[in-house]
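S.K.: Build me a structure from this.
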Amino acid sequence: MARVPEWAQQGRAKWRWTGAARPEFAAEPGAGQESVWDYSRPPRLERDVRLVEVRARDVLVARTERAVRVLETASPPTFYLPRADVVAELTSAASDSRCEWKGEATYWNVVAGGQVAEQAAWSYPDPFDDFAELAGLVSFYPARFACTLGGVAVAPQPGRFYGGWVTPELTGPFKGEPGSEDW
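M.R.: Sure thing, here's the model as predicted:
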């Protein structure tokens with residue numbers, strides 16, 4: 001998908017914070033921490049070799065050391081895993097959404113341990129050119145699963161819609177918290 005459509009261009013133009021300067025209200029990162037306010041917009045993709053595990057109760061859903069994290073101003077990283085490293089069944093959720101940076105997302109139901117988690121994962125099958133690396137990868141909502149990153153438990157990004165993975169290495173505040181609607 002080479003051309004960025006008008007809806008995406010309009011969405012991109014609305015962002016105030018771009019990672020160029022950390023706002024006054026952002027927490028100062030400590031040693032070994034990253035501020036989500038230093039992440040760029042447009043978002044940056046970064047490979048991450050730490051062990052990522054996604055579980056539904058005690059059932060393994062996905063496991064990889066080949067994740068790609070999306071770093072976007074004001075949001076905790078979202079982790080995308082190779083579809084080949086997903087052991088659970090993914091069935092179409094017949095739902096979609098749009099991201100002005102990545103393109104059109106497809107949602108997935110996750111079937112694991114005889115249970116179905118509806119609309120619990122998503123992917124970008126045909127992302128915009130700058131995010132072509134996301135094709136063939138899938139991300140999971142950490143609010144719906146027990147996720148770990150390098151053995152550390154992941155907390156979900158605040159807000160029902162967001163899929164960021166909150167770990168102790170991050171400082172915020174994070175998009176999705178009360179009062180963040182105008183960020």
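S.K.: Could you check the pLDDT of the residue of the chain positioned farthest from its centre?
M.R.: For the chain, the largest distance from the centre (Cα atoms, centre = their mean) belongs to residue 114, which lies 25.7 Å off. At residue 114, the predicted lDDT confidence score is 93.
S.K.: Residue 1 too?
M.R.: Among the per-residue scores, residue 1 holds a pLDDT of 52.
S.K.: same thing with the one 3 residues further on?
M.R.: Per-residue confidence (pLDDT) for residue 4: 91.
S.K.: List the buried residues of the strand or helix carrying residue 110.
M.R.: Of the helices and strands defined by DSSP states H and E, residue 110 is found in strand 103-112. Residues of strand 103-112 classed as buried by neighbour count (16 or more other Cβ atoms under 10 Å): 103-112. C-beta coordinates here come from the backbone N, C-alpha and C atoms, glycine included.
S.K.: Which residue lies nearest the spatial centre of this structure?
M.R.: With distances taken as Cα atoms, centre = their mean, the chain has residue 78 as the residue nearest its mean C-alpha position (2.2 Å).
S.K.: so that one sits right up against residue 165, yeah?
M.R.: Yes. Using Cβ atoms under 8 Å, residue 78 makes contact with residue 165 at a distance of 6.8 Å.
S.K.: shared neighbours of these two, which are they?
M.R.: Common neighbours of residue 78 and residue 165 are listed as residue 69 (criterion: Cβ atoms under 8 Å, 6 or more residues apart in numbering).
S.K.: how near is the nearest residue to residue 130 once chain neighbours are set aside to residue 90?
M.R.: Residue nearest to residue 130 in three dimensions, not counting chain neighbours: residue 42, with 6.7 Å by Cβ to Cβ, 6 or more residues apart in numbering. Per Cβ to Cβ, to the nearest Å, residue 42 is found 27 Å from residue 90.
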